[in-house]
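Peer 1: Sequence first, then the predicted structure:
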Amino acid sequence: MPPRKLAAGNWKMNGTLASLAEVETLMHDCAGAGVDILICPPATLLRLMAERVSAGAVAVGGQDCHAKESGAHTGDISAEQLRDAGASYVIVGHSERRADHGETDAAVAAKAVAAHRAGISSVICVGETEAQRDANETLDVIARQLAGSVPDCATAANTVIAYEPVWAIGTGRTPTNDQIAEVHAAMREALVARFADGAKFRLLYGGSVKPANAAEIFAIAHVDGALVGGASLKAADFTPIVRALDAA
Ligand SMILES: O=C[C@H](O)COP(=O)(O)O
């Protein structure tokens, strides 16, 4: 049986209390969709959003977590605190965290372990820079990030992998279908080689996914959903992406 599909939205550092109306519209407009829907709002909205979606049609998640459960780490949030606020997922290793905060593969793996310790699923991000793609290093970079960022305790039930080429994020540029297919096939192969249930991990594509290109991307083998940034902020944009995934 193929993995259940997942449409995930990452609001990044966007959204205020007024934005909660979007998730209510999304729930209404996506009612009956046969895919999982996840929204990762900023931490300030997590608890309130979790309350609004308590009917269960939409899951909420954090955008990062600390590796430790608690302690003197000003400004950080633990996976346990995310779960306490109503999160069932957390994104770890997003390229913006890797770049802005110097997160290494080992740090990302420790965060994923923390998520699993807290009983929430990790969405582990990998992806090459434009310079790495131009240098034909993409598959090596992805293999190295997967090996280093995905912990041994990962299972298909607690881990989602998101392939996000750094140069495609927020730029309106996307890889060709063949390029996405090549990376997703390589990721599947690496997961199958390492994990007993590697065939069941959900593999998301992320980077300038829009209503206009979603169906084409979801038709690619081993693409089990998307991690969407800008187009997840408005229900009017995210709903057609969810529907395209449901139809794929
Ligand atoms: O986490 C989401 C990605 O970084 C994609 O962002 P984007 O859809 O705005 O390109």
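Peer 2: Arrived safely, thanks for sending.
Peer 1: Where does pLDDT dip in this structure?
Peer 2: Counting by pLDDT under 70, the chain contains low-confidence ranges at 55-56.
Peer 1: interface residues of it facing the ligand?
Peer 2: 10, 94, 164, 169-170, 206-209, 227-231 (CB under 6 Å from any ligand atom). Glycine gets a C-beta too; all of them are placed from N, C-alpha and C.
Peer 1: Could you pull up the contacting residues of Ile169?
Peer 2: Ile169 sits next to Ser95, Glu96, Gly127, Gly206, Gly207, Ser208, Gly229 when contact means CB atoms under 8 Å, 6 or more residues apart in numbering.
Peer 1: give me that answer again for 10 Å
Peer 2: Residues near Ile169 by CB atoms under 10 Å, 6 or more residues apart in numbering: 10, 12, 94-96, 125, 127, 206-208, 227, 229-230.
Peer 1: Most distant residue from the centre of the chain?
Peer 2: Within the chain, the residue lying farthest from the chain centre (CA atoms, centre = their mean) is Ala72, at 27.7 Å.
Peer 1: what separates it from the ligand, distance-wise?
Peer 2: Between Ala72 and the ligand the computed distance is 29 Å (CB to the nearest ligand atom, to the nearest Å).
Peer 1: Indicate the residue of the chain located nearest to the ligand.
Peer 2: Gly229 (2.3 Å; CB to the nearest ligand atom).
Peer 1: coming back round to it: now do the residue farthest from the centre of the chain against Ile217, distance only.
Peer 2: Distance check for Ala72 against Ile217: by CB to CB, to the nearest Å, it reads 43 Å.
Peer 1: With Arg133 instead?
Peer 2: The value you get for Arg133 to Ile217, if CB to CB is used, is 17 Å.
Peer 1: Please say which of these two ends up with more neighbours.
Peer 2: Taking other CB atoms under 10 Å, Arg133 and Ile217 do not tie; Ile217 has more neighbours (24 against 18).
Peer 1: What backbone torsions are found at the residue nearest to that one when sequence neighbours are not counted?
Peer 2: Among residues not flanking Ile217 along the chain, Tyr205 sits closest, at 5.6 Å (CB to CB, 6 or more residues apart in numbering). Dihedral angles of Tyr205 (phi, psi; degrees, to the nearest 10) stand at phi -100, psi 140.
Peer 1: OK, contacts around Tyr205?
Peer 2: Going by CB under 10 Å, 6+ apart, the list of residues near Tyr205 reads 127, 162-165, 168, 174-175, 180-181, 183-184, 214, 217-218, 220, 222-228.
Peer 1: Show me the strands in the chain, by range?
Peer 2: 6-10, 36-40, 59-62, 89-92, 121-126, 159-163, 202-206, 225-228 (DSSP state E).
Peer 1: Pull out the buried positions in stretch 209-220.
Peer 2: For stretch 209-220, the neighbour count (16 or more other CB atoms under 10 Å) marks Val209, Pro211, Asn213, Ala214, Ile217, Phe218, Ile220 as buried.
Peer 1: ok so, going back, which of the residues of the chain next to the ligand lies closest to Asp197?
Peer 2: Leu227 (20.9 Å; CB to CB).
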